[in-house]
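Visitor: Output the structure for:
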Amino acid sequence: MLDYRSKNFRIIIGLLLVLLALGGFLLLRDKARLITANQLQVLDEKKLITRLIRKDPWLYVRTSRMLYRIPVDTVDLKRLGRDYPLELEEEWNPLMLALVFLFLMLLGLAVVIYYLSRRDRLELHPVEQGGTSGRKARQEEQAPRQTVTPIRSGVRFEDVAGIEEVKEDLEEIIDFLRHPGRYGKFDIRLPKGVLLVGPPGVGKTLIAKAVAGEAGVPFFYQSGANIVEIYVGMGAKRVHELFQAAKRNAPSIIFIDEIDAVGRQRGGLRNEEREATLNQLLTEMDGFESDSGVIVMAATNRMEILDEALLRPGRFDRRIHISLPDREDRVRILELYLRRKPHTVDLEELARSTVGFSAAALATLVNEAALHALRRRAKRIEEEDIEAVRERVISGKRKILSFSEEERRIQAVYQSGKALAATWLDVPYERIGIVTTRMRDAEREIVSRSDLLDAVKVLLAGSTATEMVFDERYSNGAEDRARAIQEARRIVRELGLGEEILPREEEVERLLKRLTEETRELLKKLAPARQAIEAWLLEKENIDEEAARRILRDLF
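Guide: As a prediction, the model looks like this:
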């Protein structure tokens, strides 16, 4: 149905008014033909007159075929050959008739427009009695109306390179969407929500589209910023409509990009609309069963600011971390992006020189290089095209960490110290690399003092290793040093696990100095292992716990 608030609707109404006014004018105008007294005499002589009607200031003469008129004051009825009965009619001004017709027409149109607006308002949201509800309804009328419609994704996993571990984690989600009945027979309940966590540009949205494409199900995309409206209640309403549409099209996937825009922790500086939207999201996720065929996926690069209620079991209880691609991943990504482009680029060397580039940054680099080659009328992309646009891409992407060879070595030494300390002290981690460090969260309620101190040693190990090797301190350890100080204060002052009964700041400093010395002694004793891990990182950029343990077993 045509939106009564749209510009097209207003144009149509305007044209309709003009046409109706013109029609009224034509209908109400005097159609009688004007004649003279002599012409009236001729009509009388030919006995054609059937009626005479007086409507001042005119005398209307009716024949069997025509209607004539003549001013009353110019006619002498006694001169006519016959006596005609003179009919009198109440005087009506044609202009007055036209105005009355126009008024009634406008009144009818106003009633129609009011009815349409009232009906659309009630369909959009039932208005309750009271001032707040009335204001809410008016705000809904002002808000832009959006239709929740799914898309069919044409993206497949073969179109997304460098995420092999992520693909494995998502395979069962895809199989569940393809064959939900198979899981229902065994009463298997998959997670309702999957949270993709990673820095910007690593392809979180593309991965979600690939899951929908592989499963062949409808894909509902919404950004967190788009859900939260300035209009009261519209964000919550939009969430409700999103879930209702997904249920109607089940099996399906709901993907909420940048969920931190709506799901950040409640409290502090209150935003009632955002909190209402978050509450609606939590309610919707609680309201559908895990066998409904709807999977909710979301993406964020700031999981630490999400509300705890979103992360509890039954909501986004499965989290998939997506890191910046390592060297092998970058090779596969570059192969994908250069697959249909003629080039002479050494992919291994290019991958080695693009440490810290995300998949999006690599795509931009390849595209800019192709444009540069086109501008210089070359037949293929060459190394000079890559070098010509590299700095432009780096400066345009503030998140890119672009290491020189010296910086790459410094970072490898730093991370090798952390990996060695974490492996030797049994501090769990998933991956430690030149760009990315991913420690494993401890899920224990009770933690020993020794374990807490070992975790601080791991934070100090990187800076200690670089100081031992280069006899210098570097800025790359600032974040870990700050966390080490914070953890030491928590151990001494909050947990009361220091040497003294009444904690003081001096004890925190003494504890940090002692832990630094112990870490230094550990790195000295295991120097060959640290050097082996450093070489591993320079070659492969990442090391996991199993590979580090193999190195330790081989050397000791």
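Visitor: correct me, but Leu162 touches Leu324?
Guide: One correction, residue 162 is Gly, not Leu. No: in this structure Gly162 lies outside contact range of Leu324 using Cβ atoms under 8 Å: 9.5 Å. No exception for glycine: its C-beta is placed from N, CA and C like everyone else's.
Visitor: residue ranges with poor pLDDT in the stretch 51-200 of the chain?
Guide: Along the stretch 51-200 of the chain, segments meeting pLDDT under 70 span 78-79, 81-102, 104, 108-109, 111-147.
Visitor: Run through the helices of it in chain order.
Guide: With helices called from DSSP state H, counting those that start in this stretch, the stretch 51-200 of the chain shows them at 94-124, 131-142, 164-178, 180-185.
Visitor: same deal with the stretch 401-550 of the chain?
Guide: So, for the stretch 401-550 of the chain - with DSSP H, counting those that start in this stretch - the helices run 405-424, 449-470, 478-489, 505-525, 527-540, 545-555.
Visitor: How about the stretch 201-350 of the chain?
Guide: 204-215, 224-227, 234-248, 260-263, 272-287, 308-311, 327-337, 347-352.
Visitor: Any idea how many residues pack against Ala276?
Guide: For Ala276, the neighbour count with other Cβ atoms under 10 Å is 18.
Visitor: May I have the residues that are in contact with the closest residue to it other than its chain neighbours?
Guide: Distances taken as Cβ to Cβ, 6 or more residues apart in numbering place Ala236 nearest to Ala276, at 5.0 Å, with adjacent residues excluded. By Cβ atoms under 8 Å, 6 or more residues apart in numbering, Ala236 lies in contact with 276-277, 279-280.
Visitor: Same check on Val331?
Guide: 347-348, 351.
Visitor: nearest to Ala484, of those?
Guide: Closest to Ala484 out of those is Ala351 (32.9 Å), distances taken as Cβ to Cβ.
Visitor: residues touching the closest one, list them.
Guide: Taking Cβ under 8 Å, 6+ apart as the test, what Ala351 contacts is 327-328, 330-331, 334.
Visitor: Most neighbours out of those residues, which is it?
Guide: Result: Arg330 is most packed of the contacts of Ala351 (other Cβ under 10 Å), 28 neighbours.
Visitor: from memory it sits against Ser353, does it?
Guide: No: the criterion here is Cβ under 8 Å, and Arg330 misses it with Ser353 at 9.6 Å.
Visitor: By mean pLDDT, show me the worst of the helices of the stretch 201-350 of the chain.
Guide: Of all the helices of the stretch 201-350 of the chain, mean pLDDT reaches its minimum on helix 224-227 (a mean of 78).
Visitor: I'd guessed Ala373 sits against Arg380; true?
Guide: Yes: the criterion here is Cβ under 8 Å, and Ala373 meets it with Arg380 at 6.8 Å.
Visitor: Count the residues that sit near Leu170.
Guide: 24.
Visitor: Quick check: it vs Tyr221, distance?
Guide: 17 Å (Cβ to Cβ, to the nearest Å).
Visitor: Over to Ile446?
Guide: Distance of Ile446 to Tyr221, given as Cβ to Cβ: 43 Å.
Visitor: neighbour-wise, which of those two wins?
Guide: Using other Cβ under 10 Å, the more surrounded residue of Ile446 and Tyr221 is Tyr221, with 19 against 5.
Visitor: Can you give me the pLDDT of the more buried one?
Guide: 91.
Visitor: what residues are up against it?
Guide: By Cβ under 8 Å, 6+ apart, the residues touching Tyr221 are 151, 205, 255, 257.
Visitor: Just the buried ones out of these, please.
Guide: By neighbour count, with 16 or more other Cβ atoms under 10 Å, the contacts of Tyr221 hold 205, 255, 257 as buried.
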